[in-house]
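Asker: Let's see this in three dimensions:
(2 chains)
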Amino acid sequence: MPEQVQPPNKHVGRRTLRRENLALLTGKGEFVDDLPVKPGTLHAAILRSPHPHAEIVSIDCSALKMSGVHAVVTGKDLAERTDPMLVGFQNPIDYYGMATDRVRYMGEPVAAVAATNRYLAEDAVEAIKVEYRPLAAVVDPLQALAPDAPLLHPRADSNCVSTRHFIHGAPEEAFAQADHGATLTIRYPRNSITPMETYAVVAEAVAETGGFDVLSNFQGPFSLHSVMTRALRVRSNALRLRSPKNSGGSFGSKLTIFPYIVVLCVLAGKAKRPVKWIEDRLEHLSAASSAANRVTKIEAAYTEAGKITVLRLTHWDDNGAYLRAPMPAPLYRMHGVSTNGYDIRNLEVTNHVVVTNKCPSGAVRGFGGPQLYFAVERMMQKVASELGMDPLELVRRNLIRPEQFPYQAIAGALLDSGNYQRVIEEASAAGDLDRLKQRKQAALQAGKLYGVGYAACVEPSQSNMGYISTLKTGDERRRAGPKDGAVASVTVSVDATGSVNVVGDSVPQGQGHQTVLAQVVADQLGLAPDDIAVALDTDTAKDGWSLAAGNYSNRFSPASVSAAHLAAERVRKKMADIAATMLNAPAEDLRFENGKILAAHNPDNAVPFYRVGGLAHWSPSSLPEGMDPGIRETAMWSAPELTPTSAKDEINTSLAYGFGFDFCGVEIDPATGVVRIDQYATAHDCGTILNPGMAEGQIRGSWASGIGATFYEEFAYGEDGSFLSGTFADYLVPSACEVPEFQLVHPTPTPSPYTRLGAKGIAEGNQYTTPACIANAVADALGFEDVLLPLAPAKVLAWLQSSERPPAEGTAPAKAEEGKPRIGGSGEVQVSATPESVWDILLDPQQMAKIIPGCDRLEAVGDNRFRGDVMLGVGPIKGLFEVRLDLTDLDKPRSAKLVGSAAGPLGSSSGAGVFNLKPMEGFATLVEYSYSIQLSGKVAAVGGRLLHGAARQLIERFMAALARQAGGDAAAEVHSTWRALGRRLLALLGGAR
Amino acid sequence: MNLLESNIRHLVRFTLNGAQVEGYAEPRLLLTDFLRHELGATGTHVGCEHGVCGACTILLDGRAVRSCLMLAVQVEGAAIETIEGLAQEDGGFSPLQQAFHENFALQCGYCTPGILMSMTEYLRDNPNPTKKEVRVALSGNLCRCTGYHEIVNAILDAAKALREEDGASS
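Answerer: Purely as a prediction, here's the structure:
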């Protein structure tokens, strides 16, 4: 991004290098886990549910009397010592951050242990025995609404815990009068942007306040501080929340640390020592946070000329097992811009908030925008295609025109400024849209599968803290009182030697806020950015902060920068008043330049900046009459445009709205289904650019995670609720090879009139546009409508091979998810013994114990029923499982069915196998076997990849051992169908030996 | 192979960024935990603990390895290099660090130590890589903030600076 030419004393807009790098590039960053803790600090580990849905029958912690274990908490402690965590509306869900009577998703915390080190804590967690009674689970938001679906929360009468219906304009009439109509059903998947640093909390109970002191990488918003104090039953000022200098990215996910903070406080209270918890990657992927997956039925009506007159959006937002504040905010954060950047004056929206047996939802960069805009932008493509119109022409005809700003959208967003048509013109020229269209023609003539896609987005920044109230009815809102605004706080002070300190509430997650605030304050005070110290580690006991504090929803550029500008302006004004008395010049005629305060008309009449600062501290009596000593100004800034939800449910959801526009060409390989981006351009108007180096970094980072969401990232669940993507080998994140180059266009900016420097947010745009743009291109290339992310090649290939189908009806159950973790197979083994001898072994627990791999002892617990402890290892993980085996359908000595289960800290499995014993010549037996195993828990989450091989190996080892046990024949050979297949494959590849 | 008794801390000695260090570790203690919490070398970060993300990459006898997949006791006698040893003697940035700084090639900086160590090895073996080769070499390190573009540019800039430095000194 080009640097704007700036006068020498102006730093905003320059590509100032990041001061944060000095520590980060030398290994001196200060992340939570890098900081020293008090002597005696304990380390926590968390026991998590291996079941997607089950009643907790009992929890046995009796084995925890081991040395080094200091405390354990279970849901019972949470239910006794805390209150359920509140969300923004009355609802039938009691959420404590830990399961109390039931587990509702795989990975849900069941107990937490504090021990002298993490390794011991992990050992202790494995020694806790939990008995579960599994329940049926539901993972699809539409299936969850079926009358016979398992009900997650007994106090609810349905898995839909909130429904709100909104009418803006006259949608009914508009549909009735329309020339044409179109309907599309969208299913947006679950994903996140999985920061490289996981959750981290250090909690300590404080005796003198009865409260807690917590260090964590919580990102805010600090409105959740009161959710925590209400849950912990302490006064707000008794929960001191601190965050360190550095956080290893968040992208929204570090909002939902707060339930863990509550759990850790309870654990620390019980342990009577500080307790530290660092989340591991499996915990993060399975149980931290995910964007809500969503089904949206979108209907549009339009004129023959391509003017869209009305939209009807019906959302089923799948929030997983619980609602955690501010959920279901993503539905409401985007409510005001439900019509995106289009001049559509009729709108109907129905929001269904659904719970299912999956990880509770949370914030993800874009916060509701990806789901909404995917539906709207896919609809634009569909309407264009039905009208036989160029999709870009349709977009242009419907976009808000430049003269309409500020423009109040029909659902209430007050779009501050923009020139959307100009962005499209500039992007089309700089990104060479003409060339792209020619490439498409050439590709089609060459018989290739090639498509072009477009997507536009209005990019909201700085959330109105009142928008979530739109979830309530007008009556409920009146009773609760108004909620609006978004207070940002920055303090600028000048010390006794003239050094400037800045403290702010922006809780950076790596963006470079310190550098930008130094640029902003330096400009006001006539100093160099390097002269300004900026501390953004937060401490609720000392800092200025309000409930909007934190790092989310593009808050920094509009909010924190405005607050810093205002605070610095107040400092400047005070210092000018002091300097005026020293220089005998009117304060309004003074300039701040190069560390001096000088009279504009007589630059020689000057006083050093530091001397003016010093006077305020060293000689209060010299200050102008009535002036307070010292120089320290805290600005609490909120914009008046952030008004509460109107009686007609209109809400200005955010303060400043940028605009993004993307187009791309993709080519699809007909043999593999691989979608290759041939050309891609993206343009963002985010008003004033504060630091082009960082602004470009935000766009490029958002683009990469847009590529992730489009092609790779998905939290996959089996139909039975098993979580299947617990490693970075299963939850795929784009590496440098998967993120293509693209054309970044810098359109003419339209500064916001509502923020102090005209800046708007820029960090989220490609979360909105990239998935929709590429999906539109794929739809164009294939003539296929039901484009479902992520675009895995196998999926695309299936679309390619299918003829176009009508879109699924909005209320029809979605297709069952793929990837159920079931493992099966068959094989055979020759045993040098008679079928009768083999039969006897299979029914004798002592002999069976010898042949089951990892088994020491097996005991009979009934007729043909056995139990035992078995040590099993799969790839890198190994654990002790309690195995139960039942032999049924006995047909001595010919066949039997073996039904078994294994449960342990790594998860649980159940399965069945059938043996057929066939007599062979010479007192030998051919044992034919087949089996099918289902897995849940950690073992399912970390890799279907490993499990097939591991299960096969275990069964082969078992069969080989059976052969040895029966016939003493060490050379018994196991033929498994895979080995035979493997040999064939090797032969095919020319590798057979 | 020397079998170590579990539940007992064993003396481990090696050189860390050229200085002799020692400490005690149970056999099961990961090298990452040993570096960070026993020796206080917290510059090496832990991102996944299953060898995919690359954040914990260090150099072991000159080769890039995942320190989350090693036990502390395995590095007895080895020479280990981490991000703390990259800067020049006077504390100034090395060419690689400088290139990252100037290119805005980091944001949160959590993955950066692993990338710097992977690329330290890579550029030593491949002083003049193409952009595409850099992308492939970088693919073992995940970054979620930057989108890699500036990282690739930084590595190319660093390669150039290192070649010039080499040319000047030879």
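Asker: ok, the residue of chain A found nearest chain B - contacts?
Answerer: Nearest residue of chain A to chain B: A:G27, at 2.1 Å (C-beta to the nearest C-beta). Placement of C-beta: from N, CA and C, glycine included. Applying C-beta atoms under 8 Å, 6 or more residues apart in numbering or on different chains, we find A:G27 in contact with B:41-44, B:82-84, B:86, B:113.
Asker: Also A:E122?
Answerer: A:A45.
Asker: ok, now A:L744?
Answerer: If you count contacts by C-beta under 8 Å, 6+ apart, A:L744 has them with A:1, A:681-683, A:696, A:699-700.
Asker: how does it look with 7 Å?
Answerer: For A:L744, the contact set (C-beta atoms under 7 Å, 6 or more residues apart in numbering or on different chains) comprises A:682, A:696, A:699.
Asker: tell me the SS of B:Y24?
Answerer: With DSSP: H, G, I helix; E, B strand; the rest coil as the basis, the three-state label of B:Y24 is strand.
Asker: so A:A205 is in which element?
Answerer: Assigned by DSSP states H and E, A:A205 belongs to strand A:200-206.
Asker: now the angle from the following helix or strand past that strand to strand A:200-206?
Answerer: Using DSSP H and E, the next helix or strand after strand A:200-206 towards the C-terminus is strand A:211-216. For strand A:211-216 against strand A:200-206, the angle by axes from the mean of the first three to the mean of the last three C-alpha atoms, to 10 degrees is 160 degrees.
Asker: Any chance you could list what contacts strand A:211-216?
Answerer: Contacts of strand A:211-216 (C-beta under 7 Å, 6+ apart): A:32, A:200-206, A:232, A:234-235, A:238-244, A:257, A:261, A:265, A:268.
Asker: Which among those count as buried?
Answerer: Buried subset of the contacts of strand A:211-216 (neighbour count, 16 or more other C-beta atoms under 10 Å in any protein chain shown): A:32, A:200-205, A:232, A:234, A:238-244, A:257, A:261, A:265, A:268.
Asker: Narrow these to those in helices?
Answerer: Assigned to helices by DSSP state H, the following of the buried ones among the contacts of strand A:211-216 qualify: A:232, A:261, A:265, A:268.
Asker: Take those and lay them out in a markdown table including pLDDT and distance to A:T634.
Answerer: Output for those, formatted as a markdown table (pLDDT from 0 to 100; distance: C-beta to C-beta, whole Å):
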| residue | pLDDT | distance to A:T634 |
| --- | --- | --- |
| A:L232 | 98 | 28 |
| A:I261 | 98 | 26 |
| A:C265 | 98 | 29 |
| A:A268 | 98 | 32 |
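Asker: Redo those as CSV? Include distance to chain B.
Answerer: What follows is these, written out as CSV (distance: C-beta to the nearest C-beta, whole Å):
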residue, distance to chain B
A:L232, 29
A:I261, 21
A:C265, 23
A:A268, 19
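Asker: thinking again about what came up before, for the strand holding A:A205, packing partners?
Answerer: Under the contact definition 3 or more C-beta pairs under 7 Å, 6 or more residues apart in numbering or on different chains; DSSP states H and E, strand A:200-206 sits against strand A:211-216, helix A:258-271, strand A:275-278.
Asker: Kindly report the domain assignment for chain A.
Answerer: For chain A, the structural domains run A:31-135+A:198-247+A:253-287, A:143-191+A:290-468+A:644-801, A:469-542+A:555-637, A:822-988, going by automatic domain parsing.
Asker: Could you name the stretch from the ones you listed that's closest to B:H37?
Answerer: B:H37 lies closest to domain A:31-135+A:198-247+A:253-287 among those, at 8.6 Å (C-beta to C-beta).
Asker: same question for the helix or strand that contains A:L184, mean pLDDT?
Answerer: Taking DSSP H and E as the definition, A:L184 sits inside strand A:180-188. Over the span of strand A:180-188, the pLDDT mean works out to 98.
Asker: Also stretch A:212-222?
Answerer: Mean per-residue pLDDT for stretch A:212-222: 98.
Asker: So what's the gap between that stretch and the chain middle?
Answerer: 18 Å (C-alpha atoms, centre = their mean, to the nearest Å).
Asker: Tell me which residues touch A:Y373, please.
Answerer: Contact analysis of A:Y373 by C-beta under 7 Å, 6+ apart lists A:340, A:457, A:768, A:772.
Asker: Let me fix that, I meant to ask about A:E304.
Answerer: With C-beta under 7 Å, 6+ apart, A:E304 has these contacts: A:D179.
Asker: mind checking pLDDT for it?
Answerer: Per-residue confidence (pLDDT) for A:E304: 96.
Asker: re the thing from before, can you add pLDDT, secondary structure and distance to chain B and give the contacts of A:L744 back as CSV?
Answerer: Formatted as CSV, the contacts of A:L744 follow (pLDDT from 0 to 100; DSSP: H, G, I helix; E, B strand; the rest coil; distance: C-beta to the nearest C-beta, whole Å):
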residue, pLDDT, secondary structure, distance to chain B
A:T682, 98, strand, 11
A:E696, 97, helix, 7
A:I699, 98, helix, 8
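Asker: Between those residues, which sits nearest A:F251?
Answerer: Using C-beta to C-beta, A:I699 is the member of the contacts of A:L744 that lies nearest A:F251, at 14.4 Å.
Asker: Contact partners for the closest one?
Answerer: Taking C-beta under 7 Å, 6+ apart, we find A:I699 in contact with A:682, A:684, A:744, A:762, A:765-766.
Asker: Whatever residue of chain B ends up closest to chain A: neighbouring residues, count only.
Answerer: For chain B, the residue positioned closest to chain A under C-beta to the nearest C-beta is B:G43, at a distance of 2.1 Å. Neighbour count for B:G43, taken as other C-beta atoms under 10 Å in any protein chain shown: 26.
Asker: got it, and the one 3 residues further on?
Answerer: B:V46 is flanked by 25 other residues according to other C-beta under 10 Å.
Asker: secondary structure class for A:L887?
Answerer: Classified using three-state DSSP, A:L887 is strand.
Asker: my read: it touches A:A896, true?
Answerer: Yes - the criterion here is C-beta atoms under 7 Å, and A:L887 meets it with A:A896 at 5.3 Å.
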